[in-house]
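Trainee: This is the structure alone, sequence omitted:
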């Protein structure tokens with residue numbers, strides 16, 4: 001694989017490459033972490049409704065769509081990221097994807113309550129609003145849904161329970177802490 005691209009690791013589009021937009025500093029979720037996430041979730045996401053709130057390359061959202069998600073909303077604030085994802089969407093004829101250029105917290109707040117099966121949160125590591133993003137994700141999550149959180153630190157059960165979430169899985173890979181969360185109640 002060439003530098004400047006990310007590979008889809010499973011599902012219908014396995015081995016397809018997604019270009020990284022030039023001139024944008026991104027930190028794509030490593031292959032190993034994506035593979036682990038979708039092992040946790042199960043490989044078949046048929047019928048799921050998903051939101052990739054800080055999409056960047058779109059790798060997480062494309063992985064969900066590749067595994068059968070009915071709809072995936074990919075949001076990013078940078079035009080170059082949206083353009084790169086649009087090219088990949090066209091190349092893969094991915095009609096279940098919808099791209100939105102916008103601020104992730106606003107897009108999260110616009111989602112209907114209890115409408116999503118999976119919310120993917122992989123903000124920049126210096127992101128100051130994790131609790132706000134997690135609360136907004138919980139509001140639009142179905143009672144049986146999942147939130148994937150990627151962060152530079154491990155979130156504790158105590159921190160998460162204060163937000164109405166519980167930790168179901170955790171992985172540390174290099175500087176990445178991957179968390180799979182569900183509603184606490």
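Mentor: It's in. For clarity, every value in this text was computed on a predicted model and none was experimentally measured.

Trainee: Which strand or helix spans the spatially most central residue of the chain?
Mentor: Averaging the C-alpha coordinates of the chain gives a centre point, and the residue nearest to it by C-alpha atoms, centre = their mean is residue 120 (2.8 Å). With elements delineated by DSSP states H and E, residue 120 resides in strand 116-121, which encompasses its position.

Trainee: Can you list the helices and strands that that strand packs against?
Mentor: Using 3 or more C-beta pairs under 8 Å, 6 or more residues apart in numbering; DSSP states H and E as the contact criterion, the neighbours of strand 116-121 among helices and strands are strand 49-52, helix 59-66, helix 130-139, strand 141-151. Placement of C-beta: from N, CA and C, glycine included.

Trainee: who wins for proximity to residue 158 among these?
Mentor: helix 130-139 (12.8 Å; C-beta to C-beta).

Trainee: now the angle between strand 116-121 and the closest one, please.
Mentor: 170 degrees (axes from the mean of the first three to the mean of the last three C-alpha atoms, to 10 degrees).

Trainee: In terms of secondary structure, what does helix 130-139 contact?
Mentor: Short answer (3+ C-beta pairs under 8 Å, 6+ apart): helix 130-139 packs on helix 104-109, strand 116-121, strand 141-151.

Trainee: The last one: partners in the sheet, and parallel or antiparallel?
Mentor: With DSSP bridges as the test, strand 141-151 is paired with strand 116-121 (parallel), strand 176-183 (antiparallel).
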